[in-house]
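**Student:** The sequence and its predicted three-dimensional model are supplied below.
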Protein chains: 2
Amino acid sequence: MSFEGPLDQLIRRLARLPGFGSRSARRAVLHLMKNRDSLMMPLADEMMRVGQTVRSCAECGNFDTESTCRICTSASRDASRICVVEDVADLWAMERAGVFSGRYHVLGGVMSAIDGVNPEMLRVSYLVQKASSDEVREVILATSATVDGQTTAHYIAEKLETAGVNVTRLAHGVPVGGELDYLDDGTLAQAMKARRALDG
Amino acid sequence: MSFEGPLDQLIRRLARLPGFGSRSARRAVLHLMKNRDSLMMPLADEMMRVGQTVRSCAECGNFDTESTCRICTSASRDASRICVVEDVADLWAMERAGVFSGRYHVLGGVMSAIDGVNPEMLRVSYLVQKASSDEVREVILATSATVDGQTTAHYIAEKLETAGVNVTRLAHGVPVGGELDYLDDGTLAQAMKARRALDG
């Protein structure tokens, strides 16, 4: 046993990250040890700081160092639109694409009988309350195109009926760069059903 | 921009680990944020502690919290044999396999004109000095079966000629579980050349 103690502990802990196993965790730790000052110590520092300062936004569920995030407090964002996403990762994906300038509601999951996730956990009633304000005119449901994601979207759409807002969802269809040959029947069916006139 | 500041910094830093890219680093950070108390803070703590306490063994180059590692100080290890490995990872691999009970010399690399690694960096003269002591009877060269690894092994073997020790190297051949069909010609040639009588 050559690596008992703190090194061994660190490897075991690192192996719990998604995409890591014990072999890649060992490699990562050796890499860290070789770059102690340029990588390991700063990484530990930053991890500590993030753990201490970053919290969930009370409004939308995004992560930020403020209790209300930059997107929710920004005056340049369109407050009349709320995009409902499952996870902070999805919010980040939307922001990277730069296709949405409104605000968000992060569910933090999808309804699932198996995992015991119910609507209260997803703060759906808070979403309905926000959507009922005069300011909000559209709620865009951007949950995943999975069974649980679509179930959740339908449930939310139903709850929003009384809120007096437009409820929309992302379009299904052929992904850009996708080849028809590799697409599933469901996607093709949706793409055919939602076909549109060539514009110009 | 939703994740400026510490979160963004942490993702960029984590993406520098081997096997990680920016996408998997994002996933890992989200996972860390969701398991802040059970994973993120302990991980940062342990990383900090390892960075502060773990050092290279002055004798063999292994990592340990002591300035001379457990293997070098252990009375139960066979001090008459030294196994020369390229890297701490290789030392760990040998220890996991549990096939060697002697001591080690970690080169910390292989000789390479391209990378500008010369014998002094690998502490070869210190190895020769250790091997020259009466106690040591065998030096096992366990460098990788690559061109640089074998060049290094030959160089070390030459230097050890005056030390009065047996110099051996790991056997080449068919890996256990390996299929001949997938093996390269060099390995097959070595395996054929070094064939042995069936024992029992």
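**Tutor:** Sure, I can see it. Residues are numbered from 1 along each chain as shown, chains lettered A, B, ... in the order given.
**Student:** can we go C-alpha only for contacts and neighbour counts from here?
**Tutor:** Fine.
**Student:** now A:Val174: how far from A:Tyr155?
**Tutor:** 26 Å (Cα to Cα, to the nearest Å).
**Student:** quick one, phi/psi of A:Gly108?
**Tutor:** Main-chain dihedrals, A:Gly108, degrees, to the nearest 10: phi 80, psi 30.
**Student:** Next, give phi and psi for the closest residue to it other than its chain neighbours.
**Tutor:** Leaving aside its chain neighbours, A:Gly108 sits nearest to A:Asp87 (5.0 Å; criterion: Cα to Cα, 6 or more residues apart in numbering or on different chains). Here is the backbone geometry of A:Asp87 (degrees, to the nearest 10): phi -140, psi 160.
**Student:** OK, contacts around A:Asp87?
**Tutor:** Going by Cα atoms under 8 Å, 6 or more residues apart in numbering or on different chains, A:Asp87 touches A:106-109.
**Student:** Do you know the pLDDT at it?
**Tutor:** Note on A:Asp87: pLDDT of 91.
**Student:** Got the domain ranges for chain A?
**Tutor:** A:6-50, A:78-197 (automatic domain parsing).
**Student:** hey, which of the ones you listed is tucked in deepest?
**Tutor:** Comparing these by mean neighbour count (mean count of other Cα atoms under 10 Å in any protein chain shown), domain A:6-50 ranks first with a mean of 18.
**Student:** in which helix or strand would I find A:His172?
**Tutor:** Following DSSP states H and E, there is no helix or strand that holds A:His172.
**Student:** I figured it hits A:Leu188, correct?
**Tutor:** No: if you go by Cα atoms under 8 Å, A:His172 and A:Leu188 don't touch, sitting 9.2 Å apart.
**Student:** my guess is A:Arg123 meets A:Leu107, correct?
**Tutor:** Yes: between A:Arg123 and A:Leu107 there is a contact under Cα under 8 Å: 6.7 Å.
**Student:** Run through who's touching the helix or strand hosting A:Leu188.
**Tutor:** Assigned by DSSP H and E, A:Leu188 belongs to helix A:185-193. Applying Cα under 8 Å, 6+ apart, the external contacts of helix A:185-193 come out as A:172-174, A:180.
**Student:** Only C-alpha atoms, please: export that helix in PDB.
**Tutor:** C-alpha atoms of helix A:185-193 as PDB (Å, rounded to 0.1, in the frame of the first residue of the first chain):
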ATOM      1  CA  ASP A 185     -39.300   7.900 -36.100                       C
ATOM      2  CA  GLY A 186     -40.800  10.200 -33.500                       C
ATOM      3  CA  THR A 187     -38.600  13.100 -34.400                       C
ATOM      4  CA  LEU A 188     -39.300  12.600 -38.100                       C
ATOM      5  CA  ALA A 189     -43.000  12.400 -37.500                       C
ATOM      6  CA  GLN A 190     -42.900  15.700 -35.500                       C
ATOM      7  CA  ALA A 191     -40.700  17.300 -38.200                       C
ATOM      8  CA  MET A 192     -43.100  16.300 -40.900                       C
ATOM      9  CA  LYS A 193     -46.200  17.400 -39.000                       C
END
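**Student:** Quick one: distance of that helix to the chain centre.
**Tutor:** What separates the centre of helix A:185-193 from the centre of its chain is 25 Å, taken as Cα atoms, centre = their mean, to the nearest Å.
**Student:** now stretch A:123-131
**Tutor:** Its chain's C-alpha centre and that of stretch A:123-131 lie 18 Å apart, by Cα atoms, centre = their mean.
**Student:** can you check stretch A:64-71 too?
**Tutor:** With Cα atoms, centre = their mean, you get 16 Å for stretch A:64-71.
**Student:** What average pLDDT does that stretch get?
**Tutor:** pLDDT averaged over stretch A:64-71 gives 90.
**Student:** does it come close to chain B?
**Tutor:** Yes: legend: contact between stretch A:64-71 and chain B by Cα under 8 Å from any Cα of the partner chain is shown at A:64, A:70-71.
**Student:** Those in strands, which ones?
**Tutor:** A:Asp64 (DSSP state E).
**Student:** Need the buried ones from the residues of stretch A:64-71 next to chain B selected in ChimeraX.
**Tutor:** Here is the ChimeraX command that selects the buried residues among these (16 or more other Cα atoms under 10 Å in any protein chain shown):
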select /A:64,70,71
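**Student:** if we look at chain B, which of the contacts of helix A:185-193 are close to it?
**Tutor:** Taking Cα under 8 Å from any Cα as the test, chain B is in contact with none of the contacts of helix A:185-193.
**Student:** Make JSON lines out of the residues you listed and add pLDDT.
**Tutor:** Converted to JSON lines, those look like this (pLDDT from 0 to 100):
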{"residue": "A:His172", "pLDDT": "88"}
{"residue": "A:Gly173", "pLDDT": "88"}
{"residue": "A:Val174", "pLDDT": "88"}
{"residue": "A:Leu180", "pLDDT": "86"}
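**Student:** List the pairing partners of the top strand by length along chain A within its sheet, with orientation.
**Tutor:** Identified as the longest strand of chain A according to DSSP E is strand A:78-85. Strand A:78-85 pairs in its sheet with strand A:102-106 (parallel), strand A:138-141 (parallel), by DSSP bridges.
**Student:** can you redo the ones you listed as a markdown table with distance to B:Glu95 and mean pLDDT?
**Tutor:** Formatted as a markdown table, those follow (distance: least, Cα to Cα, whole Å; pLDDT from 0 to 100):
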| stretch | distance to B:Glu95 | mean pLDDT |
| --- | --- | --- |
| strand A:102-106 | 47 | 95 |
| strand A:138-141 | 54 | 95 |
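**Student:** Please tabulate these in JSON lines and include distance to B:Glu46 as additional columns.
**Tutor:** Formatted as JSON lines, these follow (distance: least, Cα to Cα, whole Å):
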{"stretch": "strand A:102-106", "distance to B:Glu46": "31"}
{"stretch": "strand A:138-141", "distance to B:Glu46": "41"}
